[in-house]
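K.L.:
Show me the folded form of this:
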Amino acid sequence: MGFDEEWAQLRAEAAERQDTAMRLNQLPADQGGSGGTGGGKLVSSPAEKKAAANTIETRLVPDTKKATDFADEATSTAIGSLKDWQTSTGLKTVQETWDKQVKTLVDRLNREKGALRATVATLGGVDVERRQRIQSVPSSLDAY
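P.N.:
So this is what the prediction gives:
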């Protein structure tokens, strides 16, 4: 078998594997899917949202920063050790890129934390407002 033939065969095999690997959460074609049943209820747990926001604040963000500091320390040591090599410049670029990505992640976590807390307040406010509106409706039973 020549190079061109072997290359064509390898490409065909890779294409077959790619096709099946790219089906994410998909039912086989013969089973089909069904639409949602609808009519579900919005279930919101303020306690779970508060707990998630607190976990972001007390664990995820601080632990992410600690891991970054540890990695930065090790990378800085390597950069210093390789200062006369081109690898040092490459490591510096990698470190700067990593730090930007970590900052983006921490900013995202902080936004999610704020959104969770705002959702608790918003949904709680809606519940209170609806209760007040319902209670304000006069009832003939109020006289008893």
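
K.L.:
any idea how far the lengthiest helix in the chain is from the chain center?
P.N.:
In the chain, with assignment by DSSP state H, the single longest helix is helix 86-135. Relative to its parent chain, helix 86-135 has a centroid offset of 10 Å by Cα atoms, centre = their mean, to the nearest Å.

K.L.:
How about stretch 1-14?
P.N.:
Counting by Cα atoms, centre = their mean, stretch 1-14 comes out at 40 Å from the chain centroid.

K.L.:
And the average pLDDT for that stretch is what?
P.N.:
Stretch 1-14 carries an average pLDDT of 85.

K.L.:
tell me which residues in that stretch are buried?
P.N.:
Of the residues in stretch 1-14, none count as buried by neighbour count, 16 or more other Cβ atoms under 10 Å. In this view, the C-beta of every residue, glycine as well, is placed from N, C-alpha and C.

K.L.:
Verify the stated contact: Gln95 with Asp72.
P.N.:
Yes - with contact defined as Cβ atoms under 8 Å, Gln95 reaches Asp72; the gap is 6.5 Å.

K.L.:
between these two, who's got more neighbours?
P.N.:
Legend: neighbour count by other Cβ atoms under 10 Å for Gln95 and Asp72, higher for Gln95 (17 against 14).

K.L.:
show me what contacts the closest residue to that one other than its chain neighbours?
P.N.:
In this structure, Gln95 finds its nearest non-sequential neighbour in Thr75, 4.7 Å apart by Cβ to Cβ, 6 or more residues apart in numbering. Contacts here follow Cβ atoms under 8 Å, 6 or more residues apart in numbering; on that basis Thr75 touches Leu91, Val94, Gln95, Trp98.
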